[in-house]
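Participant: This is the structure alone, sequence omitted:
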């Protein structure tokens, strides 16, 4: 009889102990709910890949694309900075790494950014600033080590005291005859042209399994203005302090052209 009573009490104690352990594992020390995928103190990596196109065609440097009417356009450089990258969800994981994404680059690495040391867990999206955040834009290339893309002097406007957030350079063939005779240069900068990009996508960070996300970029949409496209013949140079209104529109159009690749 005593043995049966002892066994019952022991079973109740064991169940209570199990409930306590399970409850304790679902919270961190501050009582905050923790994702089942999250292991506190464990870090993982994420590669953000940018896949470019021009309308329905794959994008490449020095390739002619149909533009407005009979015009054709080709690009020698399309690149942009991204900063303040964060994974978002119930919890957040921020990275202080900056990226210079070169869509006309010859390697895949030039179109990607690899983020390291992110807190493990499940996230519902990624956010970043297209351009350079105001805090970083107060600095200059000499403030960063050579490994940081913000150290590149060619990406900084001394006269404006700002990084060049986006560079879009190329040539136009006005008659569609195969003669690309008209150059153009569109460059955004200053704090007014930094734009937040938010992408909704389930992302899980684990220590032993690097994650990746691919973002689709439609370069044609950079130039979309209502029902028509920017006039590269009439206004081929848009990179002066007096162009801030136009450059802000470009920055917003570029941000909208970046979506998750399906």
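Facilitator: Perfect, I can see it now. What you are looking at is a predicted structure, and each value in this text was computed from that prediction instead of being measured.
Participant: where in the protein is pLDDT low?
Facilitator: Scanning the chain for pLDDT under 70 picks out 1-41.
Participant: Show the residue spans covered by the strands in the stretch 151-262 of the chain.
Facilitator: Secondary structure of the stretch 151-262 of the chain (DSSP state E, counting those that start in this stretch): strands at 156-157, 162-173, 182-189, 195-205, 211-218, 224-225, 228-229, 237-238, 258-260.
Participant: Which neighbours in the sheet does the fifth one have, and how are they oriented?
Facilitator: Translated: strand 211-218. Counting by DSSP bridges, the strands paired with strand 211-218 are strand 43-54 (parallel), strand 258-260 (antiparallel).
Participant: got JSON lines for those, with mean neighbour count and distance to residue 186 too?
Facilitator: In short, each C-beta sits where N, CA and C put it, glycine included. Formatted as JSON lines, those follow (neighbours: other CB atoms under 10 Å; distance: least, CB to CB, whole Å):
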{"stretch": "strand 43-54", "mean neighbour count": "19", "distance to residue 186": "15"}
{"stretch": "strand 258-260", "mean neighbour count": "17", "distance to residue 186": "17"}
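Participant: Turn the ones you listed into JSON lines, columns for distance to residue 98.
Facilitator: Shown next, in JSON lines, are the strands paired with strand 211-218 (distance: least, CB to CB, whole Å):
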{"stretch": "strand 43-54", "distance to residue 98": "12"}
{"stretch": "strand 258-260", "distance to residue 98": "16"}
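Participant: Quick one: closest of these to residue 233.
Facilitator: strand 43-54 (18.3 Å; CB to CB).
Participant: Show me what secondary structure element comes after that closest one.
Facilitator: Sequence order places strand 57-58 as the next helix or strand after strand 43-54, per DSSP states H and E.
Participant: contact partners of that next one?
Facilitator: Contact with strand 57-58 is made by 52, 65, as judged by CB atoms under 8 Å, 6 or more residues apart in numbering.
Participant: Beyond that strand, next helix or strand please.
Facilitator: strand 65-66.
Participant: closest to residue 168 out of the strands paired with strand 211-218?
Facilitator: Residue 168 sits nearest to strand 43-54 of all the strands paired with strand 211-218, at 12.0 Å, using CB to CB.
Participant: now the helices for the stretch 1-150 of the chain?
Facilitator: Counting by DSSP state H, counting those that start in this stretch, the stretch 1-150 of the chain has helices at residues 2-25, 134-137.
Participant: centre of the chain versus the last one, how much separation?
Facilitator: Its chain's average C-alpha position is 17 Å from that of helix 134-137, according to CA atoms, centre = their mean, to the nearest Å.
Participant: before we move on, the earlier item: looking at the strands of the stretch 151-262 of the chain, which is nearest to residue 64?
Facilitator: Of all the strands of the stretch 151-262 of the chain, strand 162-173 comes closest under CB to CB, at 6.6 Å.
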